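Visitor: sharing a model that was predicted from the sequence below.
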Amino acid sequence: MHPDRREFLGRLAAGTAMAAALNLAPTADALAATQPPPEAFDLTWFDRVKGTHRAVFDCTEIESGAGVLRAVIWKNQYAQFLQAAPDDMTAVVVIRHSAIPLAMKQEYWDLYKVGKKNKVKHPFTDKDTDRNPAMLTVEHGDLPAPMGGLNIDGVLKSGGIVLACNLAFGDIVSNVANEDHLEPATARAKALTLLHPGILLQPSGVFATLRAQDARCGYLKAS
């Protein structure tokens, strides 16, 4: 766990314990104080989970972007071996915990040397890479043409849904604040501009993963 997030959770636990001792607000209220207002999150994705075949891919580690790739592979194999129609399948990818850099544009990876700091490997060559492995492209020369859809855009273009944990996103905000010497609010605003388009922040990865299961998605620990 990132030190900043561990410290946050420690403070949250301490504050909750004090509140309980004083017979004040419960845990939910303490957690709510750390979150943007409910209207800041787009929860309408739930209504886009359709079809006979529904799956949520729980990505907790960078792991060369494997969690995202598995969502694309799942859909391809269901089409190949079960003759499932594209509109009869929905993949929900949840990016949370240590995987949160996968949700960020390549610009973020370049600015803050994410690949080097995390010793990221290319998913197909196993060589060190400074590229976001969940956003490799044929155009950039990262992927051979037959594998062009093995990325986050491939998930989105196929009708899939990609969600990111707001609590883990706090690590991104802290990194931007520390590296650029910004106040938290300014750092968050900048971090949001570096979030990959189409990815929806959710109150937490746990919330997103369980909500997807409410929509009858089968669960896979994808990384």
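Guide: Structure received.
Visitor: for the most centrally placed residue in the chain, what are phi and psi?
Guide: Nearest to the geometric centre of the chain sits Ile95, at 2.1 Å (CA atoms, centre = their mean). With angles defined as degrees, to the nearest 10, Ile95 sits at phi -100, psi 110.
Visitor: check contacts around it.
Guide: Cys59, Gly67, Val68, Leu102, Ala103, Val162, Leu163, Ala164, Cys165, Ala168, Ile199, Gly205 (CB atoms under 8 Å, 6 or more residues apart in numbering). C-beta here means a position set from N, CA and C on the backbone, and glycine is covered the same way.
Visitor: let's go with 10 Å and repeat that
Guide: 57-60, 62, 67-68, 101-104, 134, 152, 162-165, 168-169, 196, 199, 201-202, 205, 208, 222-223 (CB atoms under 10 Å, 6 or more residues apart in numbering).
Visitor: neighbours of Asn178, how many?
Guide: 12 (other CB atoms under 10 Å).
Visitor: list the buried ones in the host helix or strand of it?
Guide: If you go by DSSP states H and E, Asn178 is part of helix 166-180. Of the residues in helix 166-180, Asn166, Leu167, Ala168, Phe169, Gly170, Asp171, Ile172, Val173, Ser174, Asn175, Val176, Ala177 count as buried by neighbour count, 16 or more other CB atoms under 10 Å.
Visitor: next one: stretch 106-118
Guide: Gln106, Tyr108, Trp109, Leu111, Tyr112, Val114, Gly115.
Visitor: how about Gly149: what's its closest non-neighbour residue?
Guide: Spatially, and ignoring its direct neighbours in sequence, Gly149 is nearest to Val72 (5.8 Å; CB to CB, 6 or more residues apart in numbering).
Visitor: is it fair to say that neighbour lies in a helix?
Guide: Yes: under DSSP: H, G, I helix; E, B strand; the rest coil, Val72 falls within a helix.
Visitor: test my guess that it contacts Leu150.
Guide: Yes: using CB atoms under 10 Å, Val72 is in contact with Leu150, at 5.2 Å.
Visitor: who's more crowded, those two?
Guide: Applying other CB under 10 Å to Val72 and Leu150 shows that Leu150 carries more neighbours, namely 27 against 21.
Visitor: distance from the chain centre to stretch 132-149, please.
Guide: When distances are taken as CA atoms, centre = their mean, to the nearest Å, stretch 132-149 is centred 19 Å away from the chain's centroid.
Visitor: then it to PDB, C-alphas only?
Guide: Presented in PDB, the C-alpha positions along stretch 132-149 are these (Å, rounded to 0.1, in the frame of the first residue of the first chain):
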ATOM      1  CA  ASN A 132       1.400   2.700 -19.700                       C
ATOM      2  CA  PRO A 133       0.900  -1.000 -20.400                       C
ATOM      3  CA  ALA A 134      -2.900  -0.700 -20.400                       C
ATOM      4  CA  MET A 135      -2.700   1.900 -23.200                       C
ATOM      5  CA  LEU A 136      -0.300   0.500 -25.700                       C
ATOM      6  CA  THR A 137      -1.200   1.100 -29.300                       C
ATOM      7  CA  VAL A 138      -0.400  -0.200 -32.800                       C
ATOM      8  CA  GLU A 139       0.200   3.400 -33.900                       C
ATOM      9  CA  HIS A 140       3.000   3.900 -31.400                       C
ATOM     10  CA  GLY A 141       4.600   0.600 -32.300                       C
ATOM     11  CA  ASP A 142       3.800  -1.000 -29.000                       C
ATOM     12  CA  LEU A 143       1.400  -3.700 -30.300                       C
ATOM     13  CA  PRO A 144       1.200  -5.800 -33.500                       C
ATOM     14  CA  ALA A 145      -1.800  -5.000 -35.600                       C
ATOM     15  CA  PRO A 146      -3.900  -8.100 -34.600                       C
ATOM     16  CA  MET A 147      -3.600  -7.000 -30.900                       C
ATOM     17  CA  GLY A 148      -4.600  -3.400 -31.400                       C
ATOM     18  CA  GLY A 149      -7.700  -3.700 -29.100                       C
END
